[in-house]
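*Asks:* need coordinates for the below:
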Amino acid sequence: MPRSCAWIALTVVLLGSGCGPDQSAQWLETAQFEERQTNLTHARELYEDIIRQYPDSPAAKTARARLAELAGK
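*Replies:* Down below sits the predicted model:
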């Protein structure tokens, strides 16, 4: 399996694996991982998903800051 497909599969598993109603922390961790892997397109998508799904969460605050930072790249 190509490397990018493996990361996408891992992300899907991580996003679907949480038990609680607010999985924003898991999504944030995955987005930050994608950012470290220089997969900025996917990181942005995940940050946007966090903001859309959990707008009042601490993770959304971080996601907004990361998106602002990424806008300059």
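*Asks:* quick one: the helices in the chain?
*Replies:* Taking DSSP state H, the helices of the chain run over residues 3-16, 24-36, 40-53, 58-71.
*Asks:* would you list the ones you listed in JSON lines and tack on mean pLDDT and mean neighbour count?
*Replies:* Where C-beta positions appear, they are placed from N, C-alpha and C, glycine not excepted. JSON lines is the format used below for those (pLDDT from 0 to 100; neighbours: other C-beta atoms under 10 Å):
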{"stretch": "helix 3-16", "mean pLDDT": "57", "mean neighbour count": "12"}
{"stretch": "helix 24-36", "mean pLDDT": "96", "mean neighbour count": "19"}
{"stretch": "helix 40-53", "mean pLDDT": "97", "mean neighbour count": "17"}
{"stretch": "helix 58-71", "mean pLDDT": "96", "mean neighbour count": "15"}
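*Asks:* show me the contacts for residue 48.
*Replies:* Contact analysis of residue 48 by C-beta atoms under 8 Å, 6 or more residues apart in numbering lists 63, 67.
*Asks:* one more time with 10 Å, if that's ok
*Replies:* Contact partners of residue 48, counting by C-beta atoms under 10 Å, 6 or more residues apart in numbering, are 31, 63, 64, 67.
*Asks:* what's the distance between it and residue 31?
*Replies:* Separation of residue 48 from residue 31 (C-beta to C-beta, to the nearest Å) stands at 9 Å.
*Asks:* before we move on, what about residue 52?
*Replies:* From residue 52 across to residue 31, the span is 13 Å (C-beta to C-beta).
*Asks:* overlap in contacts of the two?
*Replies:* Common neighbours of residue 52 and residue 31, using C-beta under 10 Å, 6+ apart, are residue 63.
*Asks:* hmm, residue 47 and residue 53 touching each other?
*Replies:* No - taking contacts as C-beta atoms under 10 Å, residue 53 lies outside contact range of residue 47: 11.1 Å.
*Asks:* any common contacting residues for those two?
*Replies:* Residues touching both residue 53 and residue 47 by C-beta under 10 Å, 6+ apart: 27, 59, 60.
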